[in-house]
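**Q** Following is a predicted model, sequence given first.
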Amino acid sequence: MLGRVFNIIKKEVSLELRERYTFFSSLLYLVAITFVVFKIFDKLEGPTKIALFWILLLFTAINMIGISFGYQTQKRKLTYYQMYDPQELMLAKMLFNYSKVFVAGLIMMLLMYIFSNEALKDPILFFKVYLLVVLGIVIVLSLISAISSYSQNQSTLVAVLSLPLLIPILLIGMRLSLVSERMFSDSGVSSYLLMLLGIDVLLLSLTFIFVPIVWKS
Amino acid sequence: MNLKSNWWKLLGVILTIYVLIAGFKIPLQPGILELSQSNAVIGEEYSTEITTYNTFLKSAEDLNVWIWLPNDKLIKAYSTNVINETKVEANFKLPSDIKKQSKKALSAKILIDSKTEGHYFMRQAVFIKEGKSQSIPYKDYYEIDVIKTKTRLAFPFQHILYETNRNTFFHVAIWMSMFALLLVSCYYSLRYLINPLHDYDKRSSSLTTVAIVFGVAGLLTGSMWAKYTWGAFWTSDVKLNMTAISLLIYLGYWILRGSVSDIDSRARLSSVFNLFAFVCLMILVMVIPRLTDSLHPGNGGNPAFSTYDLDNTMRIVFYPAIIAYFLIGLWIAQLNYRYLKVKDYLDFEQ
């Protein structure tokens, strides 16, 4: 199964390379919007910086992942339908999307470091939170993208459907990253991390249950 | 009407009427609104004018005013002077040996009791400070069991809330029945996914529609309540915002249904989204209250409904209210479902 998943990922990468402007355009979007935000706020610090980091990352992720299922033409969809198991396809897409968003987030952290000239205060905790929150975002957005691929106005629908569903993950991520930036101390950090992991696992299993149902047409 | 299969509608209507009548007609228990003087000094005289609520002091028999010390001892007012039905003046002599029980300034309760109206009290009403004069010698304290009690059918008197306490039967009950309706809707979504009959999808979607209407109603009643107790229609309170988020999720459900034109994929996708959204909503309900303090009871040091907010008198209205709104919601959903069915049939005919 893993071999097949990697095969799909390889195919996805080659497709992405063929149309690499989409990925780079989302990266450019990220850079541009970060720059705009820093110019508007002039000096960013404290909770605002963290909040903007997550919001901008969320919107970039919606840009990147939202179209990951509907972008295909009808022909390609039919090919996928005949060739792949939906769960394997979903897993491959998730891994691929995860790496894309992960890279985008790293670039954004670098930009924030350059603009605000402030290093992360607790990088280990921040990275733990970052890995888990990005995983949650990718899971929800992938399923919503698969659901909304049947509709005509897919990009709007993805944003409308996924934003409220992502609120709990983002709130916990926000709180934990504020702790990692030493905004306030919290004794329940490890329990919050476990909660985040639990939410991710729950959403992941739900996604794998639902994907074959969504897929058949 | 066939009563055998439609008894729940009748039950819903009867319970709703019962909730409306009982919720508005059962009076509040008498209580103390404010004191004109809340600082007392040990060893000196202390007199205060007490404003009460929902009382008939002029016709009260055997009226007594007490200071209830933290160690459950009572000091009796040596004279009381009833001004009108809701105002009484009480004079105390505070004995000089109160201080022995504690080091800090004491916060004591004021308690009023009478044979006709039972007892009622106010927490943290009097602050007793250390004094210099030793003029009043040792005086007998009364034990707590001298207070006259009278049981009667009345809702508890709560500070800040007062009469808006009755909104529990509307705001909280609507909110809970909304969750029950969403649960039933998820049940039908699940059945659709197991056995794809459009019947289940129609049931599920009409239940969700009713739940959204209930959510809006809960938000409106909660907003009104917030205006009178917290001072603003919209606060940053987490549970309020949670309601708003759940409404956003289910409005998204509507948009999803509207934007997919194929009937089969619409039913399948909206069933999946409905289940997924309900799980996310459950996560939200569990997660958010842990993150921040809430103004709502049961969070951030506020007393929960189960302790003394929701006493037995409120329970006999509150639980029927949940059942009543749930049944009425089911009825509306059934009508909505029949409408969808007829509409489908007519479309098919054409």
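**A** Happy to help now that I have it.
**Q** I'd say A:V13 and A:S99 touch.
**A** No. If you go by CB atoms under 8 Å, A:V13 and A:S99 don't touch, sitting 9.5 Å apart. Backbone N, C-alpha and C define where each C-beta goes, glycine included.
**Q** Mutual contacts of those two, please.
**A** Jointly contacting A:V13 and A:S99 under the rule CB atoms under 8 Å, 6 or more residues apart in numbering or on different chains is no residue at all.
**Q** Helices of chain A, start to end?
**A** Assigned by DSSP state H, chain A shows helices spanning A:2-18, A:20-41, A:47-65, A:74-83, A:86-116, A:123-148, A:154-180, A:189-215.
**Q** scratch that, the stretch 201-350 of chain B is what I was asking about
**A** Assigned by DSSP state H, counting those that start in this stretch, the helices in the stretch 201-350 of chain B fall at B:238-259, B:263-291, B:312-349.
**Q** Could you tell me which ranges of the stretch 251-350 of chain B sit under the pLDDT cut-off?
**A** Along the stretch 251-350 of chain B, the parts satisfying pLDDT under 70 run over B:288-311.
**Q** residues from it in reach of chain A?
**A** B:252, B:255-256, B:259-262, B:265, B:268-269, B:272-273, B:275-277, B:279-280, B:283-284, B:287-288, B:291 (CB under 8 Å from any CB of the partner chain).
**Q** Where does the prediction get shaky in the chain?
**A** Picking chain A for this. Counting by pLDDT under 70, chain A has low-confidence residues at A:70-73, A:217.
**Q** if you could check chain B rather than the one you did, that'd help
**A** B:1, B:98-104, B:133-140, B:236-239, B:288-311.
**Q** contacting residues around the nearest residue to B:K341 once chain neighbours are set aside?
**A** Sequence neighbours aside, B:K202 is the residue nearest to B:K341 in space, at 6.3 Å (criterion: CB to CB, 6 or more residues apart in numbering or on different chains). Listed by CB under 8 Å, 6+ apart, the contact set of B:K202 reads B:Y337, B:L340, B:K341, B:D344.
**Q** ok, the last one - contacts?
**A** Think B:D344. Contacts of B:D344 by CB under 8 Å, 6+ apart are B:H198, B:K202.
**Q** Could you measure from the nearest residue to A:L193 once chain neighbours are set aside over to chain B?
**A** Nearest residue to A:L193, sequence neighbours excluded (CB to CB, 6+ apart): A:K128, at 6.2 Å. With the distance defined as CB to the nearest CB, to the nearest Å, A:K128 ends up 18 Å from chain B.
**Q** ok, now A:F38?
**A** For A:F38 relative to chain B (CB to the nearest CB), the value is 27 Å.
**Q** burial of that residue, as a residue count?
**A** Using other CB atoms under 10 Å in any protein chain shown, A:F38 has 18 other residues around it.
**Q** That one reaches A:L44, doesn't it?
**A** Yes. In this structure, A:F38 is within contact of A:L44 by CB under 8 Å, at 6.2 Å.
**Q** Overlap in contacts, these two.
**A** A:F115, A:S116.
**Q** B:I32 pairs with what?
**A** B:T52 (DSSP bridges).
**Q** Equivalent analysis for B:E45, please.
**A** B:K93.
**Q** burial count for it?
**A** B:E45: 13 neighbours (other CB under 10 Å).
**Q** Contact partners for residue 178?
**A** Picked chain A for this. By CB under 8 Å, 6+ apart, A:L178 lies in contact with A:P47, A:I50, A:F184.
**Q** looking at chain B here, not the other one
**A** Contacts for B:M178 (CB under 8 Å, 6+ apart) come out as B:A211, B:F214, B:G215, B:G218, B:G329.
**Q** The stretch of helix or strand B:K4 belongs to packs against which elements?
**A** In this assignment (DSSP states H and E), B:K4 forms part of helix B:3-25. When contacts are defined as 3 or more CB pairs under 8 Å, 6 or more residues apart in numbering or on different chains; DSSP states H and E, helix B:3-25 sits against helix B:312-349.
**Q** between the helix it packs on and helix B:3-25, how big is the angle?
**A** 130 degrees (axes from the mean of the first three to the mean of the last three CA atoms, to 10 degrees).
**Q** ok now helix B:312-349, how far from the chain's centre?
**A** 24 Å (CA atoms, centre = their mean, to the nearest Å).
**Q** Alright, calling it a day.
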